[in-house]
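**Q** Predicted structure and sequence below. I'll ask about it afterward.
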Amino acid sequence: MNVRLHNTLTGQKEPFEPAEPGHARVYVCGPTVYDYAHLGHARCYVVYDVLVRHLRENGLDVTYVRNITDVDDKILKRAAEVGDDPTDLAARFADAYAEDMHRLGNLDPDVEPRVSTHLEDIFALVQRLIDGGHAYVSEGDVYFSVESFPEYGKLSHRDLEQMKLGASERLDEAQTARKRHPADFALWKSSDADDWGWDSPWGKGRPGWHIECSAMSMKHLGETLDLHGGGLDLVFPHHENEIAQSEAATGRPFSRCWMHNGFVEVDKEKMSKSLGNFFTARDLFERVEPEAIRYFMMTVHYRAPLNLDWTLDDAGNVTGFPQFEEAERRVAYVYKTKQRLADLPENRIVDGDAKAPAELDGFADALRSALDDDLNMPVALAKLADFLKSVNELCDQALRKKGKALRSAVEAAERGFTALGNELGIGSQDPSAVLLRIRDRRAAERGLEAAWVEKRIAARSEARAAKDFAEADRIRDELTGRGVELLDRADGTGWTIAD
């Protein structure tokens, strides 16, 4: 295996070598379920979905754990705002998140632990830290002592003394009084008797954000992970704190590799609700094919920022997303090409001794090579463009008068589409269903109903049968003027919306 990944801890690209040969233990921080998944979530989980797919295609047995944070102050705040029970609200958004991930084409993790079902594991880990002198109880809260872990700051490359000064400026007097060091972080947060919380050895309360991932990952993957992933915003403090508490408890490295994807940005600023540039995945599902969102997330290297553009009307309303629309055209091209290959008449396919062209036969290896190099998805998409061009040339050759296609070439193309689906999660759906959805939605955007277009096509066919070619041409011109492109075939007339 030749997979090399950028390790945030060392700042270098390194061979990915699981501790147990043939078995990779991967943990990715999942969402806090108080709202719908946004485009930052979409990018993050598409990246790690491709990673897991690729590791498996390299022959590894991967145990993929991605958690759900269903206990958090953000959930409590949102529930109070809408007058809902926090547990019910979290469950509802967890279900919505699962639906959105499926629509994006992401595989389910092997294990999807929730904080609410791992409280005993959290209690045990917190007590282990207290017993080891790395945590202390203060007025019902439990804090991790950063000074007890000399390597604190090694992931984010931050100096503890500078963090002390910065934290002092952010904390109020009550918080400062409860902590031994301003950078100490909560493992358990006390709550009033009537507040949302659970009984613990230290009183009623809720777990801190950081302790949950350490407890859940070690529960399901052991004390040392092969890879821990998440968004760039998690490097500090979340992942830094995970390292500190985990390694303080076990005395062992917490993860052999740390992987972080870049932000989704709008006009060069991180997407956020406070800036008014926030979009959920569901906002886009009604505008473009979900697989187009997946495709777009791969057009920029996962560690780089992904900048989003949009078009506005005179009133400042968002009218379109050019990058997603272009990605949808690319996805449609994938499925049109796949459909052309599947529709090749059997009598145009011949056996022969000649090998399939390298552009077809070598696509799976080219795809794997691109992803081996720090999951370089933009290069993988460039290889895909070359592959699709070659497949269409193969189809053109077979459909020429007296043309033929070698069976070895057709089979190589079919293997290429299989590799595309397995590695990138693209092109695995039924082509006709995808193309119909795209066509009908584009028609609706132009104020056209598919049923009306079909009736006009039927009227044109009747005119042609009656040799009223003037009327047939008039109907064609009418449809063309509305953006409809007719596709006359031996088995009838199809249609699409012109770009």
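**A** It's in.
**Q** name the helices or strands packed onto the helix ranked longest in the chain?
**A** Ranked by residue count, the top helix of the chain under DSSP state H comes out as helix 377-399. Counting contacts by 3 or more C-beta pairs under 8 Å, 6 or more residues apart in numbering; DSSP states H and E, helix 377-399 is packed against helix 322-342, helix 358-361, helix 363-372, strand 405-406, helix 407-424. All C-beta spots, glycine's among them, are computed from the backbone N, C-alpha and C.
**Q** what do you get if the cut-off is 10 Å, keeping everything else the same?
**A** The helices and strands touching helix 377-399, judged by 3 or more C-beta pairs under 10 Å, 6 or more residues apart in numbering; DSSP states H and E, are helix 39-57, helix 290-297, helix 322-342, helix 358-361, helix 363-372, strand 405-406, helix 407-424.
**Q** To residue 470, which of those lies closest?
**A** The closest of the helices and strands packed on helix 377-399 to residue 470 is helix 322-342. By C-beta to C-beta, the value is 32.1 Å.
**Q** Identify all contacting residues around the very next helix or strand once past the closest one.
**A** Counting by DSSP states H and E, the next helix or strand C-terminal to helix 322-342 is strand 349-350. Applying C-beta atoms under 10 Å, 6 or more residues apart in numbering, the contact partners of strand 349-350 are 398, 404-411.
**Q** Determine how far strand 349-350 lies from the middle of the whole chain.
**A** 40 Å (C-alpha atoms, centre = their mean, to the nearest Å).
**Q** now do stretch 53-73
**A** The answer for stretch 53-73 is 12 Å, by C-alpha atoms, centre = their mean.
**Q** what does the average pLDDT come to for that stretch?
**A** Per-residue pLDDT over stretch 53-73 has a mean of 97.
**Q** Give me the buried positions along it.
**A** 53-56, 58, 60, 62-73 (16 or more other C-beta atoms under 10 Å).
**Q** Filter those down to the ones in helices?
**A** Reading helices off these with DSSP H, I get 53-56, 73.
**Q** any idea which helix or strand carries residue 355?
**A** Here residue 355 is assigned to no helix or strand, by DSSP H and E.
**Q** Now do the contacts for it.
**A** Neighbours of residue 355 in contact, by C-beta under 10 Å, 6+ apart: 361, 406, 408-409, 412.
**Q** Could you identify the most distant pair in the residues you listed?
**A** Taking C-beta to C-beta, no two of these sit farther apart than 361 and 406, at 10.9 Å.
**Q** Are there residues contacting both of those two? Which ones?
**A** In contact with both residue 361 and residue 406: 355, 412, using C-beta under 10 Å, 6+ apart.
**Q** Among these two, which residue is more densely surrounded?
**A** residue 406 (21 against 18; other C-beta atoms under 10 Å).
**Q** Contact partners for the more buried one?
**A** 349-357, 360, 394, 397-398, 412.
**Q** Mind checking which of those are buried?
**A** Here, 16+ other C-beta under 10 Å leaves 349, 356-357, 360, 394, 398, 412 buried among the contacts of residue 406.
**Q** Which member of those residues is positioned nearest residue 490?
**A** Once C-beta to C-beta is applied, the member of the buried ones among the contacts of residue 406 that ends up nearest residue 490 is residue 398, at 15.0 Å.
**Q** For the closest one, give its distance to residue 348.
**A** The spacing between residue 398 and residue 348, counted by C-beta to C-beta, to the nearest Å, is 4 Å.
**Q** which residues do these two both contact?
**A** With C-beta under 10 Å, 6+ apart as the test, residue 398 and residue 348 both reach 404-405, 410.
**Q** Any chance of TSV for those, columns distance to residue 305?
**A** What follows is the shared contacts of residue 398 and residue 348, written out as TSV (distance: C-beta to C-beta, whole Å):
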residue	distance to residue 305
404	48
405	43
410	41
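**Q** For those residues, give me CSV that also has neighbour count.
**A** As requested, these are exported to CSV (neighbours: other C-beta atoms under 10 Å):
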residue, neighbour count
404, 13
405, 21
410, 22
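**Q** hang on, isn't residue 20 packed against residue 226?
**A** Yes. Applying C-beta atoms under 10 Å as the test, residue 20 and residue 226 come out as touching, 8.2 Å apart.
**Q** Which one of the two is surrounded by more residues?
**A** residue 226 (23 against 10).
**Q** Residue 117 - how many residues pack around it?
**A** Residue 117 - counted by other C-beta under 10 Å - has 12 other residues nearby.
**Q** do the one 3 residues further on as well
**A** Other residues within reach of residue 120, judged by other C-beta under 10 Å, total 11.
**Q** ok, now which ones touch it?
**A** Applying C-beta under 10 Å, 6+ apart, the residues contacting residue 120 are 200, 215, 219.
**Q** If you count neighbours, what's buried in the helix or strand hosting it?
**A** In the assignment (DSSP H and E), residue 120 maps to helix 119-131. By 16+ other C-beta under 10 Å, the buried positions in helix 119-131 come out as 119, 121-123, 125-127, 129-130.
**Q** So which of the residues you listed is the closest to residue 434?
**A** The closest of the buried residues of helix 119-131, once distances to residue 434 are taken by C-beta to C-beta, is residue 121, at 42.3 Å.
**Q** I'd say the closest one and residue 218 touch.
**A** Yes. Residue 121 lies in contact with residue 218 (C-beta under 10 Å); the separation is 7.9 Å.
**Q** quick one: low-confidence parts of the stretch 301-450 of the chain?
**A** 316 (pLDDT under 70).
**Q** Work out the gap between stretch 317-329 and the centre of the chain.
**A** Worked out by C-alpha atoms, centre = their mean, stretch 317-329 lies 18 Å from the chain centre.
**Q** Can you give me the end-to-end span of stretch 349-367?
**A** Using C-alpha to C-alpha, to the nearest Å, one end of stretch 349-367 lies 26 Å from the other.
**Q** which one among the contacts of strand 349-350 gets closest to residue 141?
**A** Checking these one by one against residue 141 (C-beta to C-beta), the nearest turns out to be residue 411, at 64.0 Å.
**Q** from memory that closest one sits against residue 344, does it?
**A** No. Assessed by C-beta under 10 Å, residue 411 is found out of contact with residue 344, at 11.7 Å.
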